Structure formats: C-alpha cells, structure tokens
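Asks: A structural model of the following input is requested.
(chains A and B)
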Protein chains: 2
Amino acid sequence: MAERVKEGIVAPTGLIAHGRGEAFDYILGEKTTENARRAEMVAVATLLDGIRPVISVNGNTAALCAKELIELAEATKSRIEVNLFHRTEERVEKVCAFLEDAGAKEVLGRNPDALLPGVSSDRARCTKAGIYSADVVLVPLEDGDRAEALVRFGKKVIAIDLNPLSRTAKAALITIVDEVTRAVPAMTAMVPELRRNGERRLALVNSFDNLRNLEEAMGIMRANLSSLQSQGKE
Amino acid sequence: MAERVKEGIVAPTGLIAHGRGEAFDYILGEKTTENARRAEMVAVATLLDGIRPVISVNGNTAALCAKELIELAEATKSRIEVNLFHRTEERVEKVCAFLEDAGAKEVLGRNPDALLPGVSSDRARCTKAGIYSADVVLVPLEDGDRAEALVRFGKKVIAIDLNPLSRTAKAALITIVDEVTRAVPAMTAMVPELRRNGERRLALVNSFDNLRNLEEAMGIMRANLSSLQSQGKE
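Replies: This is a model prediction of the structure:
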C-alpha cells in the first residue's frame, strides 16, 4: 500500500484508513466469518438481480484488489466506476488506468456528467451511465456521507466495511463485515450457483436483516476481545 | 500526519499504524478512561522513582506530540532518545532536529554506540547513555519485538498502546491504553503532586496489576461494541 502511494493510486490519508481497517480485522479474527459469508451471498444475489449494478472503486480498493474486482464485475455484469474521496483529475486518471492495466474493459468515472444529491465536494460527481442511474451499488471501503447519500437517492447499497459501527455499515442495505481482499474473490466464487437459482436468491434476500448481521459481527468482535489469557498463549 | 510524511518525519507505513490506533481509540470511546488514568499515575510514579528514565521517541510520536513529550521529559527528568522502526540516518536526523525545534535541549539517538540484545535489524541500535543503561523506558507506540527485548534486558517498560491485546501491551510492566496526545499531557500534569509524595508513589506501584489493567480496558471496549442501537442515536 505504501508503494501505491508513491504511484499516486492511494492518497496518503488512505493509508490511515487502511490501518483502521487492519485494526478492526484484527479484532474480527482476520478471517471470513459465517456471518460475513452469508452477507456476501445476499450481496451477490442482489447484484445478480440488479438491473443496473455498479461497483464503485476508490484508490484503496483498486490498490488492494483491482483484478479481483474486475472478475466480480464481469461475473455479475456490473459496471465499474471510479469515485475518489480525495478527487483530483490526475488521480482519477491514474486509478482508471490502473484498473485498465489490470484487465478492465470499461471503467467509468473519467468524465462525470451528473451529481449525487446531498454530498458536498467533488465526491458528488458521478456518471449518468454508471452510479447515477444504478439501482444497486457495491461500495467497498466507502465513507459515511456518500453511503448515506446513495441510500437516500434510492440505491440498494452494499458495503464492505470492517467497522460494524460505522455510518456506512449502518446506512447500507447489506453490510459485509470482512476484509475486501477476502470478500471479493469469495463473492465471485458464489456467482455460478446463485445465477442458476432464482428462488435461492430471493430466499437469501428476504431472510436477511442487516441490523442482526451487524449485531452478530459485533458479537464476534466482543468475544475476541474477551480473553487476554487465551490470546497470550498464541 | 500526512503532512509529516512529506517532511520525512513519519514513514508512510507509520500512517497505517496511526490508522490502527484510531480504530482502537474509536472502540475505546475516544477519551481517557479511569483505567487509563490510573495506569498513567503508576507510570509517572515509576518514571519519578527511576534512576535513569528514558523516553523512546519514534516518528509518529514526534509528529503527534513533540512539545508535550519534551515537557514530560523535563518534568520527570527523563532523557529523550530517538529510535525508529524504519531507521535511516536521514530520518533519524530529521526527527532529532524536529524535537530540537520543538524545544528539546538534549536528544539522544544520532550516534548509537550500543545494541539492544535480541532485536534484529537497525532497531537494536541505541545509546549507552540513554536506552542501553536506562532502568525505566517509556515507549509510546512501540512494536512488539522491541518492547519484549527491552523487558528481557531488564528494563521497566511503560507502554502507551491503544491495543490491549498487542504484544507490546502484554509485555510491558505498565500499559497505558490511551491515545498518546491525551496521555502525555495528562502525565505531565500529575508530576508535581506525585513528586512530593513518595508514599503515594509506592502505593500506586504496589497496587498495580497490568493484567487486570488490560482486562479492564478490554471490558470497556467490549461494552462499547455492545449496543448498535444506542450508537445509532448519536
């Protein structure tokens, strides 16, 4: 990640955000929980049943798993749009080119022609063909303001966020409390089976309760913070 | 912090470490707990009763609270030594100069003439006049390898670490689970009263149990992870 800062893909403050994620993942146990796995299945079902699903990619996400995101986009027929928290035209171009180098056939975001209502600053900028007209938006590593604005604007928001207490985690329809490089390939692997089975997709979506999902994730974290003695034996 | 990276005080990976700290502080509630306050008092008592107390300073610590650390060093008659995880002569010079610009009269670390046993790499390098011959070492934001090596080498180690499960937190004699910019000025403020009262210092040190201290910090974190509904009301 520090290398990607030098290349201009990741903003320096992106490293701080990455560190916050690392800490939450540490408390989560650094593995995909059963709870996260269920949220991932619901997310894949929602992407597959979406009319215009879009994956929103920022610098950190591109740096961590460009190739894996492109595979997920292809498997779920989602479009990819670059949206940066610290937007500069130069960095948008770099992240777009980085994704294309990793194999993306189409990357939206270079020429935003629409604004997401309710978000100040350049982060509101998006494309009509992508995020603006999407019905389902996957936002790995999103900030709270934008996640909430996407929800208010009527999107089904799927977040990947290691902090179950974050505004993003609470605003989203589906929050995957998992590390992004574990979550994304796991989701791609779920596509073939779920694509074949519409009833299973419907059952997954209908039985999912994000509040309960987040409570379960917190319960796992609480348990991992409960025994210093056992941790000391590692 | 991102600015300090450009100046060469903080290493890029120091930003990731800073983000990890932010996440733990978030879970702690972003305030100095009663538990941390007691650990801070015990730490000040231990520094005051030390024969050769030393404060070990790295890039992150210098960037976050140079002035406050210098005040604590003066109040407790501790020496300051710069020790970097990612050591380069250039960055050692920069951090030393940064501390001197902030008012430090003496900064050790430019010319290490001793090695801390049991630590590989350049982090083992220290000064005979400082860390090597110290009896008490305050290590804000330390890594586990070096903290454990300092303990094995017979130092009374005082750590400031927001992760109560870290190897540093578990190795130290006294672990202050608090954010460094809150902890350091709070410690300086405790000096006058504790300097006057040797019996109080002794009582504090004798009644302190770091394992219980860490368990209490984890208990506070668990409680803060326990109520999504109440958090949602903020």
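
Asks: doesn't A:Ala114 make contact with A:Lys128?
Replies: Yes - the pair A:Lys128 and A:Ala114 passes the contact test of CB atoms under 8 Å, sitting 4.7 Å apart. Using the backbone N, CA and C atoms, a C-beta is placed for each residue, glycine as well.

Asks: ok, the two, which is more surrounded?
Replies: A:Ala114 (15 against 11; other CB atoms under 10 Å in any protein chain shown).

Asks: three-state assignment of the residue lying closest to that one once chain neighbours are set aside?
Replies: The shortest distance from A:Ala114 to any non-neighbouring residue, by CB to CB, 6 or more residues apart in numbering or on different chains, is to A:Tyr132 (3.9 Å). Put simply, A:Tyr132 is helix when judged by DSSP: H, G, I helix; E, B strand; the rest coil.

Asks: contacts only, for the closest residue to A:Ala159 other than its chain neighbours.
Replies: Once flanking residues are discounted, A:Ala159 sits nearest to A:Ala172: 3.8 Å by CB to CB, 6+ apart. Taking CB atoms under 8 Å, 6 or more residues apart in numbering or on different chains, we find A:Ala172 in contact with A:139, A:147, A:151, A:157-159, A:161, A:210.

Asks: could you dump those residues to CSV with secondary structure, pLDDT and neighbour count?
Replies: Shown next, in CSV, are those (DSSP: H, G, I helix; E, B strand; the rest coil; pLDDT from 0 to 100; neighbours: other CB atoms under 10 Å in any protein chain shown):
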residue, secondary structure, pLDDT, neighbour count
A:Val139, strand, 97, 26
A:Ala147, helix, 94, 26
A:Val151, helix, 95, 19
A:Val157, strand, 97, 27
A:Ile158, strand, 98, 27
A:Ala159, strand, 98, 29
A:Asp161, coil, 97, 28
A:Asn210, helix, 97, 17
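
Asks: pretty sure A:Ala104 sits in a strand.
Replies: No - per three-state DSSP, A:Ala104 lies outside any strand segment and is coil.

Asks: pull the number of nearby residues for it.
Replies: Around A:Ala104 there are 22 residues (other CB under 10 Å).

Asks: measure the nearest residue to it once chain neighbours are set aside to B:Val95 for me?
Replies: Spatial nearest neighbour of A:Ala104, excluding adjacent residues (CB to CB, 6+ apart): A:Ile70 at 4.8 Å. In this view, A:Ile70 and B:Val95 are 41 Å apart by CB to CB, to the nearest Å.

Asks: more neighbours: which of those two?
Replies: A direct count of neighbours by other CB under 10 Å for A:Ile70 and B:Val95 places B:Val95 higher, at 28 against 23.

Asks: got the residues of chain A near chain B?
Replies: A:1-2, A:5-6, A:11-13, A:15-24, A:26-27, A:163-165, A:170, A:211, A:214-215, A:218, A:221-222, A:225-226, A:228, A:231-232 (CB under 8 Å from any CB of the partner chain).

Asks: quick one, which of those residues are buried?
Replies: A:1-2, A:5, A:11-13, A:15-24, A:26-27, A:163-165, A:170, A:214-215, A:218, A:221-222, A:225, A:228 (16 or more other CB atoms under 10 Å in any protein chain shown).

Asks: buried ones in stretch A:115-124, by neighbour count?
Replies: Quick answer for stretch A:115-124 (16+ other CB under 10 Å): A:116, A:119, A:122-124.

Asks: which residue, other than its chain neighbours, is closest to the closest residue to chain B within chain A?
Replies: Residue nearest to chain B within chain A (CB to the nearest CB): A:Gly19, separated by 2.4 Å. Spatially, and ignoring its direct neighbours in sequence, A:Gly19 is nearest to B:Gly19 (2.4 Å; CB to CB, 6+ apart).

Asks: ok, now A:Ser120?
Replies: Skipping the residues right next to it in sequence, A:Ser120 comes nearest to A:Asp145 by CB to CB, 6+ apart, at 7.8 Å.

Asks: mind checking what secondary structure the one you found has?
Replies: A:Asp145 ends up helix, using three-state DSSP.

Asks: can you give me the strands for chain A?
Replies: Counting by DSSP state E, one finds strands in chain A at the ranges A:53-57, A:79-82, A:114-115, A:125-126, A:136-140, A:156-160, A:174-176.

Asks: what strands flank the first one, and is each parallel or antiparallel?
Replies: Each strand that pairs with strand A:53-57, with its direction, by DSSP bridges: strand A:79-82 (parallel), strand A:136-140 (parallel).

Asks: using PDB, write out every CA atom in that strand.
Replies: The C-alpha coordinates for strand A:53-57 follow below in PDB (Å, rounded to 0.1, in the frame of the first residue of the first chain):
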ATOM      1  CA  PRO A  53     -25.500  -2.900 -10.800                       C
ATOM      2  CA  VAL A  54     -22.400  -0.700 -10.400                       C
ATOM      3  CA  ILE A  55     -19.200  -1.300  -8.400                       C
ATOM      4  CA  SER A  56     -17.800   2.000  -7.100                       C
ATOM      5  CA  VAL A  57     -14.000   1.800  -6.800                       C
END
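
Asks: tell me the angle it makes with strand A:156-160.
Replies: Computed by axes from the mean of the first three to the mean of the last three CA atoms, to 10 degrees, the angle separating strand A:53-57 from strand A:156-160 equals 40 degrees.

Asks: so A:Arg201 sits right up against A:Met190, yeah?
Replies: No - applying CB under 8 Å, one finds A:Arg201 not in contact with A:Met190, separated by 10.5 Å.

Asks: the closest residue to A:Val205 other than its chain neighbours: what's it in contact with?
Replies: Once flanking residues are discounted, A:Val205 sits nearest to A:Ala45: 5.5 Å by CB to CB, 6+ apart. A:Ala45 makes contact with A:194, A:200-202, A:204-205, according to CB under 8 Å, 6+ apart.

Asks: would you turn those residues into a markdown table with pLDDT?
Replies: Shown next, in a markdown table, are these (pLDDT from 0 to 100):
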| residue | pLDDT |
| --- | --- |
| A:Leu194 | 98 |
| A:Arg200 | 97 |
| A:Arg201 | 98 |
| A:Leu202 | 97 |
| A:Leu204 | 97 |
| A:Val205 | 97 |
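
Asks: give the buried subset of these as a ChimeraX selection command.
Replies: Those of the contacts of A:Ala45 that count as buried under 16+ other CB under 10 Å are selected in ChimeraX with:
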select /A:194,201,204,205
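
Asks: between the contacts of A:Ala45, which is nearest A:Val177?
Replies: A:Leu204 (16.9 Å; CB to CB).

Asks: now the closest one: how far from A:Val54?
Replies: A:Leu204 is 21 Å from A:Val54, by CB to CB.
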